[in-house]
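Undergrad: coordinates only, sequence not included:
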Ligand code: MLT
């Protein structure tokens, strides 16, 4: 049986052998929730970048630039880091060059993997179903915040591992911790998540709509994968 293992922050990803494996990146608040919502509703592709300047270069070539620093819109960028911005009419059919503090960094740190997926509560079941079709070991990278674990990302990693339990063996203490955490929280995710430190940075943004949106399960039937051009696309 292939395995599934949770990595608690992008600062720990170097401890994992990625070659031959699938890495599922999650940054629930909010990078991968933006990515999933945008690609499910008409954004053509999203290129995850580390540097603001690299986004500006692509913006000059006609891409939209999106993302955040300190959770806020970056000067001169087209989109902030709210999933609602990625679902706007002006984003449809467009390519977006995106940079965020942790989410896009986590993707770039995982480039040695065979396959990279981006997931969030919004495409939980679609991602589980896709992983079932692969016969590969899976690492779920819970992006976290500046090297520290993020409750929302760890709980999503637990939900994903739980969903895959039938066909993937859960390995590693972080994985069991994540599953146990999700089990406790799943009855009322929104209430449980009030403990999450990043929630307090974000709760007043977008009129308070981002948090409940990012925690809503299975809004989208879409699998998001990094292609050969290193762009995230809907399969
Ligand atoms: C990140 O990548 O750190 C987040 O998506 C930050 C945010 O949305 O505020």
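TA: Structure received. Remember, it's a predicted structure, so these values are computed and weren't measured experimentally.

Undergrad: the residue nearest to residue 203 when sequence neighbours are not counted: what's it in contact with?
TA: Leaving aside its sequence neighbours, residue 203 sits nearest to residue 211 (CB to CB, 6 or more residues apart in numbering; 6.1 Å). Where you see a C-beta, it was placed from the backbone N, CA and C, and this is true even at glycine. Residue 211 makes contact with 29, 190, 193, 199, 202-203, according to CB atoms under 8 Å, 6 or more residues apart in numbering.

Undergrad: who does the helix or strand of the chain with the lowest mean pLDDT touch, helix- and strand-wise?
TA: Least confident helix or strand of the chain, by mean pLDDT, DSSP states H and E, is helix 197-202 with a mean of 80. With contacts defined as 3 or more CB pairs under 8 Å, 6 or more residues apart in numbering; DSSP states H and E, the packing partners of helix 197-202 are helix 151-164, helix 210-214.

Undergrad: buried residues, that helix. List them.
TA: Going by neighbour count (16 or more other CB atoms under 10 Å), the buried part of helix 197-202 is 198-199, 202.

Undergrad: out of the residues you listed, which are close to the ligand?
TA: Contacts with the ligand within the buried residues of helix 197-202, counted by CB under 6 Å from any ligand atom: residue 202.

Undergrad: tell me the one of the buried residues of helix 197-202 nearest the ligand?
TA: Distance to the ligand across the buried residues of helix 197-202 (CB to the nearest ligand atom) is lowest for residue 202, with 5.8 Å.

Undergrad: with adjacent residues omitted, what lies nearest to residue 198?
TA: residue 29 is the one closest to residue 198 (CB to CB, 6+ apart), at 4.8 Å.

Undergrad: burial count for that neighbour?
TA: Residue 29 has 29 neighbours, counted by other CB atoms under 10 Å.

Undergrad: cool, and residue 15?
TA: If you count neighbours by other CB under 10 Å, residue 15 ends up with 7.

Undergrad: got the contact list for it?
TA: residue 7.

Undergrad: what residues does this protein have near the ligand?
TA: 27, 29-31, 68, 71, 81, 100-103, 202.

Undergrad: and if we set it to 8 Å?
TA: 27, 29-32, 34, 67-68, 70-71, 81, 100-106, 143, 145, 198, 201-202, 205, 210 (CB under 8 Å from any ligand atom).
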